[in-house]
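Q: When you get a sec, could you give me coordinates for this:
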Amino acid sequence: MLWNRNFTLLAVANGLLHAALYAVCLLLYRRLTGVWGCAPLTAGGLCALFAPGMFVPGAFGNYLVDRYTRTHVAAGAMLAAGALNLVYPYATSVVWVAVACVLQGTAFGVALMATGATLAIDVTPSNLRTPANRATAWSAIVGLLGGLTLALAVSGRFPFRLEMAAAAALCGVAALLVLLVQVCFRAPLGVPLCSTDRFLLPRTLVPGVNLMAVPMIWALAFVAVPDVFLYLCAAGGLLSCLLLRQAVPCFRSGRLPVVAGQVLSAAGLLSLLLGAGASVAACAGAACIGLGGGLSTGRFVQIMVRLPRHCERASGFHTWQLLWQSGFAAGLVAGTGGPVAPLVLAFLVAVGALMVYLLYVHDYYERQLQEENL
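A: Have a look, this model is predicted:
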């Protein structure tokens, strides 16, 4: 059974961790622009520094989870990420904010590697590991939407120190849930200190770069339309994707999920451009972006965990995690300081990503699978 006690604890912890991180991104951005008077591009760039920070521990990840208890590595990283939330209210310059963001990204990267790319596979039967990867991805995305929505709802209503303390508490709860996970002890295998295992898998980088368009579109849309109700509409579209995938099998494989997803995303962006405020058109547009992003994401997760060869699944899935977060960070920066309006840029990204997928990425994926089976 996939949703056993251990996997459920990990999925909830993963969602809480993502909720905390992205809530901090939004709250910190508003703090930098509203109180410190930073330009939007500067504030967006600082908040996005968590993404490059995630790559810092990558080469050491496999050694960490081999040498030390995996639940302790994951919980420790989550606690470190939460503790860094408490630093932001006392930062006195953008330099300290930048350092804290990078360090928080580093802790976040270790936590993702130890949970989604390691523990989630350890506690799952071998025949259910692809659904486990997909469920882990969904828990992260639901956490992202929940964190942004909650942060937007409470921003400015409470002291900044209290908001950061609440985000730190979410990380603490996530760490506690991970410590409750029961996983068999694995004797150290003597892996090298540095390696690309559980970090980046070159074989998956082509579809991985293509998938970055999905979170980038979301980030651009969220920057352009900071409205709680529209965020909820996007979450509704995302959840409806789960029902659609179960009801219509053709949305689970082939070109259709990505094609339909990017077309729906582009249509939703047009609706947001034409709609105003919380109008019907704007709400429908947000729901389309959520549904379209869900369809594309589900297919890309499948691609990223099927391309790896034997014993490379963890590396393939962690590559997905790193590139998905990087895509959102790129959208955050582009949306806060680019020369093109965020919704227009998001529409161009959706169209461009679809063309790249149809012209090259899908054929690349099919070709790699055929060569593997020869």
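
Q: Would you map out the domains in the protein?
A: Using automatic domain parsing, the domain parsing of the chain gives 1-189, 200-374.

Q: tally of neighbours for the residue nearest to residue 331 when sequence neighbours are not counted?
A: With sequence-adjacent residues excluded and distances taken as Cβ to Cβ, 6 or more residues apart in numbering, residue 331 is closest to residue 219, at 2.8 Å. To be clear about C-beta, it is placed using only N, CA and C from the backbone, and glycine gets the same treatment. The criterion is other Cβ atoms under 10 Å. On that basis, residue 219 has 28 neighbouring residues.

Q: Which stretches in this structure count as strands?
A: Listed from the start of the chain, the chain has no strands (DSSP state E) to report.

Q: Name the residue closest to the centre of it, please.
A: Against the mean C-alpha coordinate of the chain, by Cα atoms, centre = their mean, the closest residue is residue 325 at 4.4 Å.

Q: Tell me the pLDDT of the residue lying closest to that residue once chain neighbours are set aside.
A: With Cβ to Cβ, 6+ apart as the measure, residue 51 is the residue that lies nearest to residue 325, at 5.7 Å, once sequence neighbours are left out. Predicted confidence (pLDDT) at residue 51: the value is 95.

Q: Please verify my assumption that residue 51 contacts residue 329.
A: Yes: checked against Cβ atoms under 8 Å, the pair residue 51 and residue 329 is within contact range at 3.5 Å.

Q: Which one's more surrounded, these two?
A: Set side by side, residue 51 and residue 329 show more neighbours around residue 329, with 26 against 23, by other Cβ under 10 Å.

Q: List the contacts of the more buried one.
A: 48, 50-51, 219 (Cβ atoms under 8 Å, 6 or more residues apart in numbering).

Q: Quick one: mean pLDDT for the lengthiest helix in the chain?
A: Determined from DSSP state H, the single longest helix within the chain is helix 5-34. For helix 5-34, mean pLDDT rounds to 96.

Q: Stretch 236-254: which residues count as buried?
A: If you call a residue buried by 16 or more other Cβ atoms under 10 Å, then stretch 236-254 has these buried ones: 236-238, 241, 244-245, 251-252.

Q: how far away is residue 25 from residue 264?
A: Using Cβ to Cβ, to the nearest Å, one obtains 25 Å as the distance from residue 25 to residue 264.

Q: what's the answer for residue 218, then?
A: Residue 218 sits 13 Å away from residue 264 when distances are taken as Cβ to Cβ.

Q: do residue 271 as well
A: Taking Cβ to Cβ, one finds residue 271 at 10 Å from residue 264.

Q: which sections of this protein are below the confidence cut-off?
A: By pLDDT under 70, the weakly predicted segments of the chain are 185-188, 276-278, 373-374.

Q: repeat that for 80
A: Residues of the chain that meet the criterion pLDDT under 80 lie in 184-190, 246-253, 275-278, 310, 337-339, 371-374.

Q: quick one on the thing from earlier: distance to residue 162 for the buried residues of stretch 236-254 - can I get that in JSON lines?
A: As requested, the buried residues of stretch 236-254 are arranged in JSON lines below (distance: Cβ to Cβ, whole Å):
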{"residue": "236", "distance to residue 162": "29"}
{"residue": "237", "distance to residue 162": "32"}
{"residue": "238", "distance to residue 162": "29"}
{"residue": "241", "distance to residue 162": "35"}
{"residue": "244", "distance to residue 162": "39"}
{"residue": "245", "distance to residue 162": "39"}
{"residue": "251", "distance to residue 162": "43"}
{"residue": "252", "distance to residue 162": "44"}
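
Q: Now flag whichever of these is closest to residue 148.
A: Each of the buried residues of stretch 236-254 was checked against residue 148 using Cβ to Cβ; the closest is residue 238, at 12.4 Å.
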